[in-house]
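> everything below, folded, please.
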Amino acid sequence: MLIVIVDVWVKPESVASFTAATKENAAASVREAGIARFDVLQDRADETHFQLIEVYRTDEAPAEHKKTAHYERWRDRVEPMMARPRSSQKWENAYPGDEGF
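Residues are numbered from 1 along each chain as shown. Predicted coordinates:
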């Protein structure tokens, strides 16, 4: 499993539009064969801060995800809503995992 955490800061006036667009993208994303989970988190302390938690079944699945019409639509729609460029980090699941501790 590959876990990608995307950090997003949205302009205050765009929070509702960003949330709606991102929920649509997440709903379509979880139907992809390569995606095990797709969570959208909003910071309780700052409503303009979001994290997308994307759990992929393979290392190739993120590239496949970025080729989908729903991702491209989301990317183009939310780009002008961002207060700064989004960033991401890649993670591996340490526990529970296949090997345990």
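> and the pLDDT at the residue sitting nearest the centre point of the chain?
The centre of the chain sits closest to residue 52, judged by C-alpha atoms, centre = their mean, with a distance of 3.3 Å. You'll see residue 52 listed with a pLDDT of 98.
> ok, and it, which helix or strand is that part of?
Assigned by DSSP states H and E, residue 52 belongs to strand 49-56.
> mind jotting down where the helices sit in the chain?
Assigned by DSSP state H, the helices in the chain fall at 15-29, 61-65, 69-78.
> okay if I get these as CSV plus mean pLDDT?
Below are these laid out as CSV (pLDDT from 0 to 100):
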stretch, mean pLDDT
helix 15-29, 98
helix 61-65, 97
helix 69-78, 98
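> with mean neighbour count and distance to residue 48 added, can I get the ones you listed in a markdown table?
Glycine gets a C-beta too; all of them are placed from N, C-alpha and C. Output for these, formatted as a markdown table (neighbours: other C-beta atoms under 10 Å; distance: least, C-beta to C-beta, whole Å):
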| stretch | mean neighbour count | distance to residue 48 |
| --- | --- | --- |
| helix 15-29 | 17 | 6 |
| helix 61-65 | 17 | 25 |
| helix 69-78 | 15 | 13 |
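> so residue 83 sits right up against residue 48, yeah?
Yes: between residue 83 and residue 48 there is a contact under C-beta atoms under 8 Å: 6.6 Å.
> so which of those two has more stuff around it?
residue 48 (18 against 13; other C-beta atoms under 10 Å).
> phi, psi for that one please.
phi -90, psi 0 (degrees, to the nearest 10).
> what's near enough to touch the residue nearest to it when sequence neighbours are not counted?
Spatial nearest neighbour of residue 48, chain neighbours left out: residue 10 (4.9 Å); criterion: C-beta to C-beta, 6 or more residues apart in numbering. Residues near residue 10 by C-beta atoms under 8 Å, 6 or more residues apart in numbering: 18, 48, 49, 50, 78, 81, 82, 83.
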